[in-house]
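**Q** What shape does this take:
(one chain, ligands or ions: 1)
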Amino acid sequence: MQDTHRPELDAFWMPFTANRQFKAHPRIMVSASGMHYRSEDGRQILDGTAGLWCVNAGHGRKTIAAAVQQQVMDLDFCPTFQMGHPGPFKLADRLVKMLPSGEFDHVFFANSGSEAVDSALKIAIAYHRISGQGTRQRLIGRERGYHGVGFGGISVGGIGPNRKFFSLLPGIDHLPHTHNLEHNAFSKGQPEWGAHLADDLERIVALHDASNIAAVIVEPVAGSTGVLVPPKGYLERLRAICDKYGILLIFDEVITGFGRLGSSFAAEHFGVVPDMITVAKGITNGTVPMGAVFVRRGLYDAFMNGPEQAIELFHGYTYSGHPVACAAALATLDIYEEEKLFQRSQDLASYWETAVHSLQGLPHVIDIRNIGLVAGIELAPRPDKPGARAFDCFLRCYERGLLTRVTGDIIALSPPLIIEKPHIDELIDMLTDVLKSLP
Ligand code: PXG
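**A** Okay, here's the model as predicted:
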């Protein structure tokens, strides 16, 4: 790779990126269609990550583009504070019908996963307050959890580098993460060991008393920290303990929502119903920013008790329910439904599982885990250089024509749900070659 300084790349401070490395060796995409990106040097790159876990219906979907174009022409923007337009009403009505067993009846819109998470945390605290339990202020997250980058999200999140420079919200505790190679390496689907880790919630309740705890937030499958699949029975136990103490349970489904696991949502997949679900990414197939919080029956109603003229919740964004995002989301849901993409994800899951586990035994591979159309491949770190081997793997895959995602020494794969078996074979072949060549 040649170092060439391109001054036109200087001004953009790239998020979550090694800016200097990138700008010395840029990886710039100029178009995308179906399962592939095209890079500025004219190469086809197989998208092994659905962009950033969001392009579930594949790239360049014409009906989404048409809906967005039409919406911009018809109604570019309209506030949703004290007035409205049809989009978010239609979308919310449609979304609640996709949720498990009619349990959820209202949707609050935001513009990203981070905003959805902060909205959910605020709704939880406000809910207890208006229900006469204002001492319930504490929030509980989990080690290795990722809930975006707002102050709420990094506080309940469990990723050291995301937290260490910043002052965090007070009154936060963390459950232990569930990742354990000694017990669960090379598990297919949900690992057997680890349900008891949910019992740590009892310890936290004993420490602070339930009367001080508002909510627990977890990703049903932790994505960003390397695809951590919940042990069998773990989520059920969390639900039971939350029920026992009147604590709200929030599932952050920014990654697991919209078919990633082969069901509409992880809540349905695991048969565990939380009190709120946060989503983003796949809601618009990544085309227009949007996030949302789904709230369980009763939560919204609790807020509807004051004088009719009064605003019930002092929270919202200029772009909550933005017309263009709503149009993109509605067109996206049409595709999911018409092409039965969640079913497709389920149907492909066992082929995917066999394919990714075929990497077992290759150099450096110390664990492979999978569920639905997602997989994590953990590599042994290079001595004294954590993350370097997987980053090298990412760069080599990119050169080879495959987009992967790395976190620490873990490669995460989460292809668009339109993936075909030959793409899976191709992806595994490329990754096999790279792993064999990796120092
Ligand atoms: N919650 C979860 C579970 C997420 O995965 C967010 C919240 C925040 O969403 P926004 O839209 O604010 O970014 C996310 C985002 C990665 C990666 O490499 C994952 C995310 C974002 C960037 C990178 O795995 N997830």
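
**Q** Okay, buried residues for stretch 413-433 please.
**A** Residues of stretch 413-433 classed as buried by neighbour count (16 or more other Cβ atoms under 10 Å): 413-419, 423-424, 426-428, 430-431. All C-beta atoms are positioned from the backbone trio N, CA, C, and that covers glycine.

**Q** Please disregard the earlier target; I meant stretch 49-59.
**A** Buried-residue list, stretch 49-59, by 16+ other Cβ under 10 Å: 49-51, 53-59.

**Q** quick one on the thing from earlier: out of the buried residues of stretch 413-433, who's nearest the ligand?
**A** Among the buried residues of stretch 413-433, residue 414 lies closest to the ligand (Cβ to the nearest ligand atom), at 8.5 Å.

**Q** Do you know the pLDDT at that closest one?
**A** With respect to pLDDT, residue 414 scores 98.

**Q** Pull the contacting residues for it.
**A** By Cβ atoms under 8 Å, 6 or more residues apart in numbering, the contact set of residue 414 is 48-50, 53, 223, 255, 260, 373-375, 405.

**Q** among these, which are in strands?
**A** 374-375, 405 (DSSP state E).

**Q** Just the closest of those to the ligand, please.
**A** residue 405 (4.9 Å).

**Q** re the thing from before, so of the buried residues of stretch 413-433, which ones are in helices?
**A** 423-424, 426-428, 430-431 (DSSP state H).

**Q** How about the residues of the stretch 251-400 of the chain by the ligand?
**A** Contacts of the stretch 251-400 of the chain with the ligand, taken as Cβ under 6 Å from any ligand atom, map to 252, 254-255, 280.

**Q** same thing with the stretch 1-150 of the chain?
**A** 52-53, 112-114, 117, 146-148.

**Q** got the buried residues for the helix or strand that residue 236 is a member of?
**A** Here residue 236 sits within helix 234-245, counting by DSSP states H and E. Across helix 234-245, burial judged by 16+ other Cβ under 10 Å covers 234-235, 237-239, 241-242.

**Q** What of stretch 77-97?
**A** So stretch 77-97, judged by 16+ other Cβ under 10 Å, has buried residues 80, 85, 87-88, 91-92, 95-96.

**Q** For the stretch 151-300 of the chain, which segments count as strands?
**A** 172-175, 213-218, 248-252, 276-279, 291-296 (DSSP state E, counting those that start in this stretch).

**Q** Tell me which residue lies nearest the centroid of this protein.
**A** Against the mean C-alpha coordinate of the chain, by Cα atoms, centre = their mean, the closest residue is residue 255 at 2.4 Å.

**Q** Now that residue 101 has come up, it's in contact with residue 271, right?
**A** No - counting by Cβ atoms under 8 Å, residue 101 sits too far from residue 271 to count as a contact (9.8 Å).

**Q** higher neighbour count, those two?
**A** Using other Cβ atoms under 10 Å as the criterion, residue 101 and residue 271 rank with residue 271 on top: 12 against 9.

**Q** all helices in the stretch 51-200 of the chain, in order from the N-terminus.
**A** In chain order, the stretch 51-200 of the chain shows helices spanning 62-74, 86-98, 113-130, 151-156, 160-163, 181-184, 200-208, with DSSP state H, counting those that start in this stretch as the criterion.

**Q** Put together a markdown table for those, with mean pLDDT on each row.
**A** Shown next, in a markdown table, are the helices of the stretch 51-200 of the chain (pLDDT from 0 to 100):
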| stretch | mean pLDDT |
| --- | --- |
| helix 62-74 | 98 |
| helix 86-98 | 97 |
| helix 113-130 | 98 |
| helix 151-156 | 98 |
| helix 160-163 | 96 |
| helix 181-184 | 98 |
| helix 200-208 | 98 |
